[in-house]
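Chemist: Next come a sequence and a model predicted from it.
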Amino acid sequence: MNASSNGEPKRRILVVDDEPSLVDAVATALRYEDYEVEEASTGRAALAAVLRQEPDLIVLDWMLPDLEGIEVGRRLRAQGFKCAVLFLTAKDATENKVEALRAGGDDYVTKPFSLAELVARVQAILRRTGAELPGDVLRFADVVLDEQRHSVSRAGTPVELSATEFNLLRFFLLNPRRVLSKGQILQNVWHYDFGGSTNVVETYVSYLRRKLDPFGPPLIKTVRQAGYMLETEPP
């Protein structure tokens, strides 16, 4: 593996799109930021590339000539690959965005996009998926999050979370009984400092509730016009 300018191994990114000019522009921008970049123009080529060597992140277009990007993402998750996925979706395709996140995507960028925004999103994803955790065990009510084992349970039952869901729950557990605005959550979980969309926060809070609520009373409260709070029901 090639080393970056600071001596650390370069983070590997796979860019998948059937528009050669877009792939070239994205790959060039990412290489300029010192990433190692591989390119693919079809879904099957992307799957083959990941099988050869799993990247740290895939920039994956939704519309591909053979397999939809969403299907590529599903197959990778089904095969146990953990690499982060940044979907490229069509303008105003809200259903596509929700489905992309539900299929294990870590974020999405809407076409047309600026290269600066895409690079910022890539950097944010890699910061949160590559960050070392201190190894603490965090608890609230009957929820236990073990950072070292990267595991979560509620009422003694294991709960399977994606990397982003895990980081979101961790932020709530570090700030129990405090109202957290969507902006605060974006900055601390997604590491966006350029005004990213808060829709992604709403989507992931709903996913987290869907996975935690079957095992006990709801814990994540919506505070109208303010944000969310981790709180137990009053006795």
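Modeler: Received the coordinates, thanks. Numbering: from 1, shown residues only.
Chemist: hang on, residue 139 in a strand?
Modeler: Yes. The assignment for residue 139 is a strand, going by DSSP: H, G, I helix; E, B strand; the rest coil.
Chemist: What about it, how many residues nearby?
Modeler: Each residue near residue 139 was counted by other C-beta atoms under 10 Å, and the total is 12. (Glycine included, C-beta is placed from N, CA and C.)
Chemist: Quick check: it vs residue 46, distance?
Modeler: Separation of residue 139 from residue 46 (C-beta to C-beta, to the nearest Å) stands at 40 Å.
Chemist: where does this structure have its least confident helix or strand?
Modeler: Least confident helix or strand of the chain, by mean pLDDT, DSSP states H and E, is helix 94-102 with a mean of 67.
Chemist: Convert the following helix or strand past that one to PDB, retaining C-alpha atoms only.
Modeler: Counting by DSSP states H and E, the element after helix 94-102 in chain order, helix or strand, is strand 107-110. The C-alpha trace of strand 107-110 is given here as PDB (Å, rounded to 0.1, in the frame of the first residue of the first chain):
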ATOM      1  CA  ASP A 107     -24.200   9.300   3.100                       C
ATOM      2  CA  TYR A 108     -25.300  10.700  -0.200                       C
ATOM      3  CA  VAL A 109     -24.500  13.600  -2.500                       C
ATOM      4  CA  THR A 110     -27.100  14.900  -4.900                       C
END
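Chemist: Okay, helices next: where are they in this protein?
Modeler: Along the chain, the stretches classed as helices by DSSP state H are 20-32, 43-52, 69-78, 94-102, 115-130, 163-174, 182-185, 199-212.
Chemist: ranking the ones you listed by mean pLDDT, which is last?
Modeler: Looking at the helices of the chain, the lowest mean pLDDT belongs to helix 94-102 (a mean of 67).
Chemist: Contact partners for residue 122?
Modeler: Listed by C-beta atoms under 8 Å, 6 or more residues apart in numbering, the contact partners of residue 122 are 13, 30, 33, 35, 57, 59, 86.
Chemist: run the last query once more with 7 Å
Modeler: By C-beta atoms under 7 Å, 6 or more residues apart in numbering, the contact set of residue 122 is 13, 30, 57, 86.
Chemist: Turn those residues into a markdown table, including neighbour count and distance to residue 123.
Modeler: Shown next, in a markdown table, are the contacts of residue 122 (neighbours: other C-beta atoms under 10 Å; distance: C-beta to C-beta, whole Å):
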| residue | neighbour count | distance to residue 123 |
| --- | --- | --- |
| 13 | 25 | 11 |
| 30 | 22 | 10 |
| 57 | 25 | 10 |
| 86 | 22 | 11 |
